[in-house]
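Student: I'd like to go over a predicted model; first the sequence, then the structure.
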Amino acid sequence: METNSIQTKPETVAVITPEILLEHWQGHRALTRRVIEAFPEDRFYDFSIGGMRTFAQLAMEIIGISAPGIRGIAFGDWTFTEPTLDHSTPAPATKAEVLQLWDVVTDYINLLWPQIQPQRFHEKEAAFGMYENTIYNTILYMIDNEIHHRAQGYVYLRALGVEPPAFWDR
């Protein structure tokens, strides 16, 4: 027996809103900031395991991607200063100055985020002139990159005998 069924197009429902995505990203940034705070000042610039970069260098990579990254995400302006050979901007002289720079970038993200046009999230661009992807995937990459480097910081802290912040407390 043949039945006639009416095919309806399912409604499109956003799984995540831009506001929730920003909150998620800023939650990760807040946790990474706490990892920087927990790092002993005297080891922040020189401690390394297995030839990995120091946590100061890793933190500066995150800063160096996030600031021009949000500008590129918001406006399509992907110009940036070429990082050093170790892929990071040199760190300021003290951990307090790194944290201050971290906060400036956090405020910059919060300032530019509301200026991102909703359709922009689905546009494809070459982030930093090199990485072709949709804007939302570029944002997810930036978050993943931060998580990856924060995890290295966790390993360093444990090796130094310091209990890192709870990873789930964002």
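Tutor: Structure received.

Student: so what's the residue count around residue 37?
Tutor: 13 (other C-beta atoms under 10 Å). In this view, the C-beta of every residue, glycine as well, is placed from N, C-alpha and C.

Student: OK, contacts around it?
Tutor: By C-beta atoms under 8 Å, 6 or more residues apart in numbering, the residues touching residue 37 are 95, 99.

Student: now with 7 Å, please.
Tutor: residue 99 (C-beta atoms under 7 Å, 6 or more residues apart in numbering).

Student: residue boundaries of the helices in the protein?
Tutor: Here the chain has its helices, by DSSP state H, at 18-38, 41-44, 55-75, 95-112, 135-159.

Student: which of those sits closest to residue 122?
Tutor: Nearest to residue 122, of all those, is helix 135-159, at 6.9 Å by C-beta to C-beta.

Student: can you list the buried residues in that closest one?
Tutor: Within helix 135-159, the residues that count as buried by 16 or more other C-beta atoms under 10 Å are 135-136, 138-139, 142-143, 145-146, 149-150, 152-154, 156-157.

Student: coming back round to it: looking at the helices of the chain, which one is packed in the most?
Tutor: Across these, averaging neighbours per residue (mean count of other C-beta atoms under 10 Å) puts helix 55-75 on top, at a mean of 22.

Student: and the angle for that helix with helix 95-112?
Tutor: 10 degrees (axes from the mean of the first three to the mean of the last three C-alpha atoms, to 10 degrees).

Student: give me the low-pLDDT residue ranges for this structure?
Tutor: Applying pLDDT under 70 to the chain flags the ranges 1-11, 80-89.

Student: quick one on the thing from earlier: reformat the helices of the chain as a markdown table; add distance to residue 123.
Tutor: As requested, the helices of the chain are exported to a markdown table (distance: least, C-beta to C-beta, whole Å):
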| stretch | distance to residue 123 |
| --- | --- |
| helix 18-38 | 14 |
| helix 41-44 | 38 |
| helix 55-75 | 10 |
| helix 95-112 | 16 |
| helix 135-159 | 6 |
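
Student: looking at the buried residues of helix 135-159, which one is closest to residue 166?
Tutor: Of all these, residue 166 sits closest to residue 154, with 10.6 Å by C-beta to C-beta.

Student: surely that closest one and residue 164 touch.
Tutor: Yes: using C-beta atoms under 7 Å, residue 154 is in contact with residue 164, at 4.6 Å.
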